[in-house]
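Chemist: structure for the following, please:
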Amino acid sequence: MPLLQGTAVAIAVDLGLVAAAVAGLWVGANWFVAGATRLARRLGLSGLVIGLTVVAFGTSAPEFAVTVDAAVAGNPDISVANVVGSNVVNLGFVLGGAALVRALPTSHDLVWRDSVVLVGVTALVLGLLWDLRLERVEGLLLLGLLVGYLAVLVRSGSVGGTVDTATVSSFERTDAARLVVGLGIVVGAAHLLVGSAADLAGAAGVSDWVIGATVVALGTSAPEFVTSVAAARRGRAGLSAGNLVGSCVFNFLGVLGVAAVVAPLPVSPAAVSGTTWLLATVVLVAVLFGTRRVLSRPEGALLVGVNVVNWVVDFLR
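Modeler: Next up, the predicted model:
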């Protein structure tokens, strides 16, 4: 009985630390984006450049920090599972949840360019993980593809328009400090989240992959979930779908690419099955985007259901 009580206490403590880390990621990412965006505007950078660099990195800062920290800490399953799981959450709970609030209109570029890119990138990552190892050279390949993708977006001029100029119209002395402190909070919270998640996996008797693809992924995707649902409620639903697809591409090419360059990532067989499920989800999303050029509420419910089923399968495996 004392042993069981001790285990229960340990799990409760780890859950509390995970919750604190998620809150830290949220606050830190928001501070970083706000400070860096306004500072970049003050320096005369265009909205396009800000969108491609500052905002793109800031919104993916939680995934980036957690994934790289897990790779350095010797938890490769958590590292890869966070990227795969975050994309599943983004396309399931976040995209589906936003569509439940209000139907999401799609665009020609989203259907025929970005969705196709996401399908191709997901299939590529699945192929790279097939031997249960992601090498440095493969990480460099992913980063090279990210540069090419960004070059296409720059040429098309279709990115950077999501920056809210109302929030960057003026520069305050505290913005530089907000940027530095925000980034520090993100890094510290990421380290806390990885350690707590690994302890939680051990105490609960589940694998690092399951914890990384569920608890950690949901935590790093929490800011995107709240932001997307809020945008849908305010009538800006059109931003949600494109931003989430772009985030998924960046997670695979940028976040996972950097993590693999920092440290080669040996993974368990669950990485292959998890990424296969994600590929099926990505194909489903691409098909739904192409039907009537809108993601309806029933289709949003379907995506949320797919995410729930994926989690149940992971925990039962």
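Chemist: quick one: the strands in the stretch 51-200 of the chain?
Modeler: Ranges of strands within the stretch 51-200 of the chain are 104-105, 133-134, based on DSSP state E, counting those that start in this stretch.
Chemist: show me the contacts for the residue nearest the centre of the chain.
Modeler: Centroid check for the chain by C-alpha atoms, centre = their mean gives residue 86 as the closest residue, at 4.4 Å. Residues in contact with residue 86 (C-beta atoms under 8 Å, 6 or more residues apart in numbering) are 63, 217, 220, 221, 251. Where you see a C-beta, it was placed from the backbone N, CA and C, and this is true even at glycine.
Chemist: got a winner among those residues for most neighbours?
Modeler: residue 220 (34 neighbours; other C-beta atoms under 10 Å).
Chemist: and for the closest residue to residue 192 other than its chain neighbours, the neighbour number?
Modeler: Closest residue to residue 192 apart from its sequence neighbours, by C-beta to C-beta, 6 or more residues apart in numbering: residue 21 at 4.2 Å. Using other C-beta under 10 Å, residue 21 has 25 other residues around it.
Chemist: okay, and residue 21 sits in which element?
Modeler: helix 2-42 (DSSP states H and E).
Chemist: how many neighbouring residues does residue 121 have?
Modeler: Counted with other C-beta under 10 Å, residue 121 comes out at 24.
Chemist: also residue 102?
Modeler: The number of residues packed near residue 102 is 20, by other C-beta under 10 Å.
Chemist: what's the spacing between it and residue 294?
Modeler: According to C-beta to C-beta, to the nearest Å, residue 102 stands 10 Å off from residue 294.
Chemist: show me what contacts the closest residue to residue 27 other than its chain neighbours?
Modeler: Distances taken as C-beta to C-beta, 6+ apart put residue 185 closest to residue 27, at 6.1 Å, once the chain neighbours are dropped. Residues near residue 185 by C-beta under 8 Å, 6+ apart: 24, 25, 27, 28, 31.
Chemist: just those residues now: which is nearest residue 310?
Modeler: residue 25 (22.2 Å; C-beta to C-beta).
Chemist: I'd say that closest one and residue 193 touch.
Modeler: Yes. The pair residue 25 / residue 193 is scored as a contact, 7.0 Å apart, by C-beta atoms under 8 Å.
Chemist: between these two, what contacts are shared?
Modeler: The contact lists of residue 25 and residue 193 share 66, 219, 220, where a contact means C-beta under 8 Å, 6+ apart.
Chemist: was I right about the second one contacting residue 194?
Modeler: No. Counting by C-beta under 8 Å, residue 219 sits too far from residue 194 to count as a contact (10.6 Å).
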